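# have a look at this fold, sequence not included:
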């Protein structure tokens, strides 16, 4: 799943959004640019290997 893959990639503290589904990432509280870039890359790669 996305969350287990993200955890294995070192992307921690991601949660499923309980009211609307999907993933919630809090990236506005002192999140370094490198962390946001790592998440964006992981999301893009995940999308490529798990087409809808």
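Looks like it came in fine. None of the values given here were measured: they were computed from a predicted structure. Numbering: from 1, shown residues only.
# and residue 36, how many neighbours?
13 (other CB atoms under 10 Å). All C-beta spots, glycine's among them, are computed from the backbone N, C-alpha and C.
# for residue 51, see how far away the residue lying closest to it once chain neighbours are set aside is.
Counting by CB to CB, 6 or more residues apart in numbering, the nearest residue to residue 36 once its immediate chain neighbours are dropped is residue 27, at 5.3 Å. Using CB to CB, to the nearest Å, we find residue 27 at a distance of 25 Å from residue 51.
# again with residue 19
With CB to CB as the criterion, residue 19 and residue 51 are 26 Å apart.
# repeat for residue 4
19 Å.
# who has more neighbours, those two?
It is residue 4, of residue 4 and residue 51, that has more neighbours when counted by other CB under 10 Å, with 8 against 5.
# isn't there a helix covering the more buried one?
Yes - using DSSP: H, G, I helix; E, B strand; the rest coil, the assignment for residue 4 is a helix.
# just the pLDDT at it, thanks.
Listed pLDDT for residue 4 reads 93.
# roughly how far does it sit from residue 11?
Distance from residue 4 to residue 11, by CB to CB: 11 Å.
# can you check residue 35 too?
Counting by CB to CB - residue 35 and residue 11 are separated by 8 Å.
# overlap in contacts, those two.
Counting by CB atoms under 8 Å, 6 or more residues apart in numbering, residue 35 and residue 11 have no contacts in common.
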